[in-house]
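Visitor: Have a look at this fold, sequence not included:
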């Protein structure tokens with residue numbers, strides 16, 4: 001396995017952030033399963049199983065960001081995962097009275113951050129563009 005970080009410091013930071021976000025978040029699914037189950041919408045079947053499976057997916061995909069050969073694929077899979085959990089965030093915003101511990105402004109902010117995070121995952125998992133010499 002070859003670790004090859006992006007050359008650009010900002011892109012490298014974006015990739016490291018993405019790795020840590022999903023690794024720590026995935027572990028969180030096992031340390032605080034009750035919290036994650038509590039934010040599952042009622043239409044999610046078997047919420048605990050979904051929480052466990054999504055935790056496994058987050059950890060596994062974070063680890064697939066390390067090798068260069070699997071990074072792009074892992075990026076696509078993480079984008080799909082982000083898209084898959086976005087309805088949970090929208091649902092929480094639609095029924096904020098169920099979540100009095102979260103200010104409504106924070107629920108809105110989370111959607112904005114989610115969009116920015118989606119862009120970061122896309123950008124940070126793309127291969128570096130090598131400049132070709134001019135002829």
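Guide: In hand now; what should we look at? Predicted model, so just to flag it, every value in this text is computed and none were measured.
Visitor: Contacts for stretch 90-101, please.
Guide: Contact with stretch 90-101 is made by 39, 41, 102, 104, 107, 108, 111, as judged by CB atoms under 8 Å, 6 or more residues apart in numbering. C-beta coordinates here come from the backbone N, C-alpha and C atoms, glycine included.
Visitor: Please name the spatially closest residue to the last one (chain neighbours excluded).
Guide: In this structure, residue 111 finds its nearest non-sequential neighbour in residue 89, 5.7 Å apart by CB to CB, 6 or more residues apart in numbering.
Visitor: what does the second one give?
Guide: Residue nearest to residue 41 in three dimensions, not counting chain neighbours: residue 91, with 4.4 Å by CB to CB, 6+ apart.
Visitor: quick one: that neighbour is in a strand?
Guide: No. The assignment for residue 91 is helix, going by DSSP: H, G, I helix; E, B strand; the rest coil, so no strand is present there.
Visitor: Can you check the pLDDT for it?
Guide: On pLDDT, residue 91 comes in at 95.
Visitor: separation between it and residue 98?
Guide: If you measure residue 91 against residue 98 using CB to CB, to the nearest Å, the figure is 9 Å.
Visitor: repeat for residue 47
Guide: For residue 47, the distance to residue 98 (CB to CB) stands at 14 Å.
Visitor: next one: residue 81
Guide: Counting by CB to CB, the gap between residue 81 and residue 98 amounts to 23 Å.
Visitor: about what we covered before: among the contacts of stretch 90-101, which one lies nearest to residue 58?
Guide: Comparing these against residue 58 with CB to CB places residue 39 closest, at 15.1 Å.
Visitor: Could you pull up the residues touching the closest one?
Guide: Residue 39 makes contact with 88, 92, 99, according to CB under 8 Å, 6+ apart.
Visitor: Kindly tell me how buried the first one is, as a neighbour count.
Guide: Same thing as residue 88. A total of 15 residues lie near residue 88 under the criterion other CB atoms under 10 Å.
Visitor: wouldn't it be in contact with residue 40 here?
Guide: Yes. Using CB atoms under 8 Å, residue 88 makes contact with residue 40 at a distance of 6.8 Å.
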